[in-house]
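>>> need coordinates for the following:
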Amino acid sequence: MRMEKGLRAQQILEAKRIKKEEAAKAKLLEAEKRKQEKERSKQEKRDEKRLKKELKLEQRRLELEIAKELKKPNEDMCLADQKPLPELPRIPGLVLSGSTFSNCLIVVQFLRVFGKALGFNGNTDVPDLSILQEGLLNLGDSMAEVQDLLVRLLSAAVCDPGLITGYKAETALGEHLLNVGMNRDNVSEILQIFMEARCGQTELTESLRTKAFQAHTPAQKASALAFLISELACSRRVVSEIDKNTDYMSNLRRDKWMVEGKLSKLRIIYAKKAGKRDTSGGIDLGEEQHASATPTAGYKRRRKGGDSDADVSQSISVGGNPVKSKFPDTSQGPALYAGLSNRAVRPAMSALFYPCSSSKNQEN
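Reported below is the predicted structural model:
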């Protein structure tokens, strides 16, 4: 019997041990499954984030490409809305050729923009297109004005940008160009020497050896003036004027960006304050309406001896400010309203609608 009981106890212990081992294995398997599931979910989230990031980057790249394509200039023939060019009438009184007139425009526009830097007076020293055309055609007094303009332009060009280093710029009498007083008589010779020093032998320089400036065709004279303008565009005074204007415009743009940044900040602050004011204003309005309909504070009734009127001291919120006023107690019913005199009603109404005046009266 004892042997059987020992065997049974041993079998029971063995079964319990096996069950415990199976339970432990099951727990281990469950924990491993949970761990695998957790890792798989983490990996799925990482993959999802990576895909979202890739999609955002691709979308951003497409947006940049679209913006870049939109910024590219389109050819006139590639436009969808083709419109016929307007027929421009010819300028009245114009007898010069197209190239000659374009050189005249270059001269006038340059002098109007940079004439002040070169010492020109924009009102008197800069001729208009009609005078310049008449001067090129040797008509009337305009020819003398064009010669004076040539003298001033050539004098400025000889000083700055000047001649090429090493070139012997001397007149027929052996004088250097910088030492020669320039006037209408010798301007043709000095122009020939200057143009030969700057651009070499040309048809115009060869012609200036034997003929005066005013004896040439309007096209040649306009080209000579445009040449002087192109040389003066590289002078130090013109370059410094351009740099000055560029710095001025950059300062204006910087100031504009600063002002726009401040304005944007102020707009954001104002929008936030306006939103808060709208929400708080709606609440205050409801409270005021509720206060005007039914009193919101506790009542402290004080009766005067022999007086049937009930003076009620009530704290009413009007516009967020507490105001002490006399107001009838609605809990007593309509009979109390009927017994009130105008002396008790008027202060309450004035306290509701004119809080500032009522507070001053109370201070007094």
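
>>> what about stretch 161-181, start to end distance?
Start-to-end span of stretch 161-181 (C-alpha to C-alpha, to the nearest Å) is 18 Å.

>>> 146 is where my numbering starts, stick with that
OK, 146 is where the count begins now, so the last one is stretch 306-326.

>>> that one: which residues count as buried?
Using 16 or more other C-beta atoms under 10 Å as the test for burial, stretch 306-326 gives 306, 307, 308, 314, 322, 325. From N, CA and C alone the C-beta is placed, and that goes for glycine too.

>>> off-centre distance for that stretch?
Its chain's average C-alpha position is 52 Å from that of stretch 306-326, according to C-alpha atoms, centre = their mean, to the nearest Å.

>>> for the buried residues of stretch 306-326, could you give me a markdown table that also reports distance to residue 278, secondary structure and pLDDT?
Converted to a markdown table, these look like this (distance: C-beta to C-beta, whole Å; DSSP: H, G, I helix; E, B strand; the rest coil; pLDDT from 0 to 100):
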| residue | distance to residue 278 | secondary structure | pLDDT |
| --- | --- | --- | --- |
| 306 | 29 | coil | 85 |
| 307 | 31 | coil | 81 |
| 308 | 31 | coil | 78 |
| 314 | 32 | coil | 72 |
| 322 | 30 | helix | 74 |
| 325 | 30 | coil | 81 |
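
>>> what about the strands in the stretch 296-445 of the chain?
445-447 (DSSP state E, counting those that start in this stretch).

>>> point out where it drops to low pLDDT.
For the stretch 296-445 of the chain, applying pLDDT under 70 flags the ranges 310-311, 421-445.

>>> let's see it at 80
Counting by pLDDT under 80, the stretch 296-445 of the chain contains low-confidence residues at 308-324, 420-445.

>>> quick check: residue 263 touching residue 301?
Yes: the pair residue 263 and residue 301 qualifies as a contact (C-beta atoms under 8 Å) at a distance of 5.3 Å.

>>> tell me, what's touching those two both at once?
Counting by C-beta atoms under 8 Å, 6 or more residues apart in numbering, the residues touching both residue 263 and residue 301 are 377, 380.

>>> of the buried residues of stretch 306-326, which is the nearest to residue 417?
Of all the buried residues of stretch 306-326, residue 417 sits closest to residue 306, with 59.4 Å by C-beta to C-beta.

>>> nearest residue to residue 312 in space, please, no chain neighbours.
residue 342 (4.7 Å; C-beta to C-beta, 6 or more residues apart in numbering).

>>> the closest residue to residue 371 other than its chain neighbours and residue 297, how far apart?
Counting by C-beta to C-beta, 6+ apart, residue 248 is the residue found nearest to residue 371 once chain neighbours are left out, at 4.1 Å. To residue 297, residue 248 is 17 Å away according to C-beta to C-beta, to the nearest Å.

>>> so between those two, which is more surrounded?
residue 248 (24 against 18; other C-beta atoms under 10 Å).

>>> could you verify my assumption that that one touches residue 372?
No: contact between residue 248 and residue 372 fails when scored by C-beta under 8 Å: they sit 9.1 Å apart.

>>> residues near the residue nearest to residue 312, how many?
17.

>>> now do residue 186
Here the number of neighbours of residue 186 (other C-beta under 10 Å) works out to 10.

>>> distance of it from residue 198?
19 Å.

>>> do the same with residue 179
Applying C-beta to C-beta to residue 179 and residue 198 gives a distance of 28 Å.

>>> which residue ranges of this protein form helices?
Assigned by DSSP state H, the chain shows helices spanning 147-216, 243-259, 274-281, 287-304, 332-344, 348-355, 363-377, 381-438, 479-484, 487-498, 500-508.

>>> which neighbouring elements make contact with the first one?
Secondary-structure packing of helix 147-216 (3 or more C-beta pairs under 8 Å, 6 or more residues apart in numbering; DSSP states H and E): no helix or strand packs against it.

>>> tell me the mean pLDDT over that helix?
Mean pLDDT, helix 147-216: 89.

>>> show me how far that helix is from its chain's centre.
Here the centre of helix 147-216 is set off from its chain's centre by 54 Å, with C-alpha atoms, centre = their mean.

>>> got it, and the third one?
In this view, helix 274-281 has its centroid 44 Å away from the chain centroid, taken as C-alpha atoms, centre = their mean.

>>> quick one, it and helix 243-259 angle?
120 degrees (axes from the mean of the first three to the mean of the last three C-alpha atoms, to 10 degrees).

>>> how about the longest one?
Here helix 147-216 points in a direction 110 degrees away from that of helix 243-259 (the same axes, to 10 degrees).

>>> and if you look at the fourth one?
Taking the same axes, to 10 degrees, one finds that helix 287-304 is oriented at 60 degrees with respect to helix 243-259.

>>> helix 287-304: which residues count as buried?
Buried residues in helix 287-304, counted by 16+ other C-beta under 10 Å: 287-288, 290-303.

>>> show me what that helix is packed against.
Checking 3+ C-beta pairs under 8 Å, 6+ apart, helix 287-304 ends up next to helix 274-281, helix 332-344, helix 363-377.

>>> one more time with 10 Å
Contact partners of helix 287-304 among helices and strands, from 3 or more C-beta pairs under 10 Å, 6 or more residues apart in numbering; DSSP states H and E: helix 243-259, helix 274-281, helix 332-344, helix 363-377, helix 381-438.
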